[in-house]
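Novice: structure for the following, please:
(one chain, ligands or ions: 2)
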Amino acid sequence: MATRVRPGNKRCAVIGGSGFLGRHLVEKLLDRGYSVSVFDIRQSYELPGVVFHMGDLCDKQALLTALKDVSLVFHCASPFPGSDDRALFERVNIQGTQTVILACIEAGVQKLVLTSSASVVYEGTDIKNGREDLPYAKKPIDYYTATKIQQEKLVLEACDQQKGFLTVAIRPHGIFGPRDPQLVPILVDTARRGKMKFIIGDGSNLVDFTFVENVVHGHILAAETLKSNSPICGKPYHITNDEPVRFWDFMSEVLVGLGYAAPRYHLPYALVYGLALLLWLLTLVLRPFVSFKPTFTPMRVALAGTHHYYSCERAKEDMGYKPVVSLKEGIARTVQSYPHLRRGA
Ligand SMILES: NC(=O)C1=CN([C@@H]2O[C@H](COP(=O)(O)OP(=O)(O)OC[C@H]3O[C@@H](n4cnc5c(N)ncnc54)[C@H](OP(=O)(O)O)[C@@H]3O)[C@@H](O)[C@H]2O)C=CC1
Ligand SMILES: CC(C)CCC[C@@H](C)[C@H]1CC[C@H]2C3=C(CC[C@]12C)[C@@]1(C)CCC(=O)C[C@@H]1CC3
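Specialist: Ligands and ions are numbered 1, 2, ... in the order given. Coordinates of the predicted model:
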């Protein structure tokens, strides 16, 4: 049965704390005087002040052990978005998140901060300065995002001020920074295979890329603002660098910083999208015989060729959010952190 944990207690848990965002969050929480329990299916590092609990978040008993005496929980675990294992997304992001909610309530946790995604409203067409009141995507760009929608709904609906269980969802977009296993590595891999020569469309589409420390800052602000009667209870918040940038300028800056050539030749968006669609259909038809993963999927072409940037006015108004690292500084620090991905390394 729930024994309420003393308010003001600075013990928190980070579910998914071994991952890219999770580890940055853990490091900042320690700086701010929190003691931290990490719950994850793997342990990727060791740090003084951090207690690791290895387990699957679908296992309530394992969670209950990790949440003992914890008043605040951050949930930033998810399977790798590039996976095509639908059952895994459903099990971890939907059923697992329901288990996290039940375990938090049973353990007497008072605050749950979910890492959602701005892509819960994106359908592959332009979003300019999108606010949080945009409807959830009816046709999400992939199954991972479909389960992120369900996950966000579950967490926000669980907010219950009467029972003293408060929830909030942070929606970051395009997280990048040191140790990111996705964005820069995919980009460099594409460049090394000689496939980063083309700009899809006229290159003017604006996108949010968010430096990881700004995402961390948004999470901690949300946790510290989340109190009874606070306007943020049960709501989603976009957290970005608040500096939308041309997708291809961002890619070029990272590539050039690492010693690769920037893409130069333009290809019409509709043509590339059509080809990606054909290729995708072909992989479906040929799946019983051969399996290959094309670089140019329709989803990736849409991400590379449309506008998708979001307003963080609500986070500014309700929790005083302001990015702490500019895009320029974030790119410089990221490029510097990847010596092994430099050209010729
Ligand atoms: N990166 C981005 O650009 C964006 C990310 N997000 C969201 O941010 C969050 C963090 O993303 P990111 O740091 O990039 O992801 P990572 O994959 O780096 O971190 C997620 C962590 O969760 C772990 N995990 C996976 N399944 C389980 C499970 N069943 N039980 C316990 N732990 C599990 C992973 O382990 P393992 O690696 O072994 O699977 C990993 O350590 C995710 O919720 C993601 O949806 C939202 C918008 C953009
Ligand atoms: C949500 C976005 C702000 C963040 C996107 C993360 C990844 C989906 C992207 C990281 C590297 C990108 C990339 C492409 C598509 C989108 C990414 C995978 C291309 C495959 C697009 C087509 C190309 O010309 C090559 C690109 C390589 C890098």
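Novice: quick one: furthest residue from the center of this protein?
Specialist: Outermost residue of the chain with respect to the C-alpha centroid, by CA atoms, centre = their mean, is Phe289; its distance is 34.2 Å.
Novice: which residues touch it?
Specialist: Phe289 makes no contacts at all, as judged by CB atoms under 8 Å, 6 or more residues apart in numbering. C-beta coordinates here come from the backbone N, C-alpha and C atoms, glycine included.
Novice: now Val38: which helix or strand?
Specialist: Taking DSSP states H and E as the criterion, Val38 maps to strand 35-40.
Novice: gap between that strand and the chain center?
Specialist: Chain-centre distance of strand 35-40: 18 Å, with CA atoms, centre = their mean, to the nearest Å.
Novice: hmm, it in reach of ligand 1?
Specialist: Yes. With CB under 6 Å from any ligand atom as the criterion, ligand 1 is reached by strand 35-40 at Asp40.
Novice: so which bits of that strand are buried?
Specialist: Applying a neighbour-count criterion of 16 or more other CB atoms under 10 Å, one finds Val36, Ser37, Val38, Phe39, Asp40 buried in strand 35-40.
Novice: any idea which of those residues is closest to ligand 2?
Specialist: Asp40 (22.2 Å; CB to the nearest ligand atom).
Novice: next one: that closest one from Ala315, what distance?
Specialist: Distance from Asp40 to Ala315, counting by CB to CB, to the nearest Å: 27 Å.
Novice: thought Leu156 was touching Ala169?
Specialist: Yes. Between Leu156 and Ala169 there is a contact under CB atoms under 8 Å: 5.8 Å.
Novice: average model confidence for stretch 95-105?
Specialist: The average pLDDT for stretch 95-105 rounds to 98.
Novice: buried residues, that stretch. List them.
Specialist: Buried, per 16+ other CB under 10 Å, within stretch 95-105: Gly96, Thr97, Gln98, Thr99, Val100, Ile101, Ala103, Cys104, Ile105.
Novice: just stretch 270-290 next, same as before
Specialist: For stretch 270-290, a neighbour-count test (16+ other CB under 10 Å) marks Val272, Tyr273, Ala276, Leu279 as buried.
Novice: can I get the residues you listed in TSV with secondary structure and distance to Thr190?
Specialist: Below are the buried residues of stretch 270-290 laid out as TSV (DSSP: H, G, I helix; E, B strand; the rest coil; distance: CB to CB, whole Å):
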residue	secondary structure	distance to Thr190
Val272	helix	14
Tyr273	helix	17
Ala276	helix	14
Leu279	helix	15
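Novice: and whichever residue of the stretch 51-200 of the chain sits closest to ligand 2, how far from Tyr310?
Specialist: Per CB to the nearest ligand atom, Gly174 is where the stretch 51-200 of the chain lies closest to ligand 2, at 2.7 Å. Distance of Gly174 to Tyr310, computed by CB to CB: 10 Å.
Novice: shared neighbours, those two?
Specialist: Counting by CB under 8 Å, 6+ apart, the residues touching both Gly174 and Tyr310 are Asp208, Thr240.
Novice: neighbour count winner among the two?
Specialist: Neighbours per residue, other CB atoms under 10 Å: of Gly174 and Tyr310, the larger number sits with Tyr310, 27 against 23.
Novice: once you drop chain neighbours, what's closest to that one?
Specialist: Using CB to CB, 6 or more residues apart in numbering and skipping residues adjacent in sequence, the residue nearest Tyr310 is His238, 4.2 Å away.
Novice: quick one: that neighbour from Gly82, how far?
Specialist: Here the criterion is CB to CB. By it, His238 lies 23 Å from Gly82.
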